[in-house]
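Engineer: here is my input; please provide its structure:
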Amino acid sequence: MLMLTRFTLPTALARPAVALGLGIMAALASSAHAAALSSATDSYDAMPAAECTPQTADVPAFSAARYDACKQTLDNYIAQYQQTSDSQKLYTAYQALAWLTYANYEQHMNSRAATKAQAWQSAYGLISALAYGTSSESVPADIPATSALMRPDLWAYVSALKDKGAIAIAPREMAFAEVSLIWAASKQCTRGWRQSTPHFRMAARYVSQANTAYRNRYPEDTAALLDLTQRYYHAYLPLDAKNDQCHGQILPKLPL
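Structural biologist: Predicted coordinates:
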């Protein structure tokens, strides 16, 4: 029987982690600081800062000012949701933060790739959903066209953990794992393994943390989780973009 409990990278991918790790970790440090300084407030979902406030259905151009405003908005949201233990909204806020970090990184790299627009659109859509209590369906639930399904072992864990309710236990790790995998595959398609390695490594770390948190909370469910993970792995394996071509992917949903 195939065992998927280890999170090791292929030898060709064994390189030091840099880009995503530093960007996401810096964003997390700032968010943690904001949460520590935050006090209880009567407003549950404070409106976003002016530069981050949706005015029309169109997504505005990304800029440093909008990054700063949206980063501050998300820091505030994360602090609020940590106080109220709203894991689903916390997960959404962390997803938005990961996408925002992705867009900002691409901006600093002077990227003209479609990935920057996709990342910013996803972040802005999630922030809008949190601000106005609307659906986040405009943000792709699956893998967008700028990315592909790679590392089906990690995606199998992500899907199984989500089905098992791990978002309630590790919302931050689940959110960052998903965006990291999408970002990594985009880099694999456009820049090759040297650029994608740090992102895959960070994704593996987040998946491992979420998996550990779930198994520590529900040790009696370990065998069932592994069984579901293996079924997802076999479903995803034929979809692996081995040719390093990004075309998006709808992720199949399996019964528990």
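Engineer: need the helices for the stretch 101-250 of the chain, in chain order.
Structural biologist: Secondary structure of the stretch 101-250 of the chain (DSSP state H, counting those that start in this stretch): helices at 114-132, 152-163, 171-191, 193-217, 222-236.
Engineer: where in the stretch 1-150 of the chain is pLDDT low?
Structural biologist: 1-50, 54-57, 135-141 (pLDDT under 70).
Engineer: the nearest residue to residue 213 once chain neighbours are set aside: what's it in contact with?
Structural biologist: Leaving out its chain neighbours, the residue that sits closest to residue 213 by Cβ to Cβ, 6 or more residues apart in numbering is residue 170, at 4.3 Å. Quick note: C-beta positions are derived from backbone N, CA and C, even for glycine. Residue 170 makes contact with 161, 209-210, 213-214, according to Cβ atoms under 8 Å, 6 or more residues apart in numbering.
Engineer: 10 Å instead?
Structural biologist: 87, 91, 161, 176-177, 206-207, 209-214, 217 (Cβ atoms under 10 Å, 6 or more residues apart in numbering).
Engineer: what's the answer for residue 114, then?
Structural biologist: 106, 144-146, 186, 190, 246.
Engineer: now swap in residue 186 and tell me
Structural biologist: Shown in contact with residue 186 (Cβ under 10 Å, 6+ apart): 102, 106, 113-115, 118-119, 143-144, 146-148, 150, 195-196, 199, 246.
Engineer: show me which of those are buried.
Structural biologist: Buried residues within these, counting neighbours by 16 or more other Cβ atoms under 10 Å: 102, 106, 113, 115, 118-119, 143-144, 146-148, 150, 195-196, 199, 246.
Engineer: my read: residue 162 touches residue 178, true?
Structural biologist: Yes - with contact defined as Cβ atoms under 10 Å, residue 162 reaches residue 178; the gap is 8.7 Å.
Engineer: intersection of neighbour lists for these two?
Structural biologist: What both residue 162 and residue 178 touch, as defined by Cβ under 10 Å, 6+ apart, is the set residue 91.
Engineer: who's more crowded, those two?
Structural biologist: residue 178 (24 against 15; other Cβ atoms under 10 Å).
Engineer: report how many residues lie close to the residue lying closest to that one once chain neighbours are set aside.
Structural biologist: Once flanking residues are discounted, residue 178 sits nearest to residue 158: 6.0 Å by Cβ to Cβ, 6+ apart. For residue 158, the neighbour count with other Cβ under 10 Å is 25.
Engineer: show me what contacts residue 158?
Structural biologist: Counted by Cβ under 10 Å, 6+ apart, residue 158 has contacts 151, 166, 173-174, 177-178, 180-181, 203, 206-207, 210-211, 229, 232, 251.
Engineer: same question for residue 60.
Structural biologist: Counting by Cβ under 10 Å, 6+ apart, the residues that residue 60 touches are 51-54, 66, 120, 124.
Engineer: pull the contacting residues for residue 93.
Structural biologist: 31, 73-82, 86, 126-127, 130, 171-172, 175.
Engineer: now these: which count as buried?
Structural biologist: 31, 73-82, 86, 126-127, 130, 171-172, 175.
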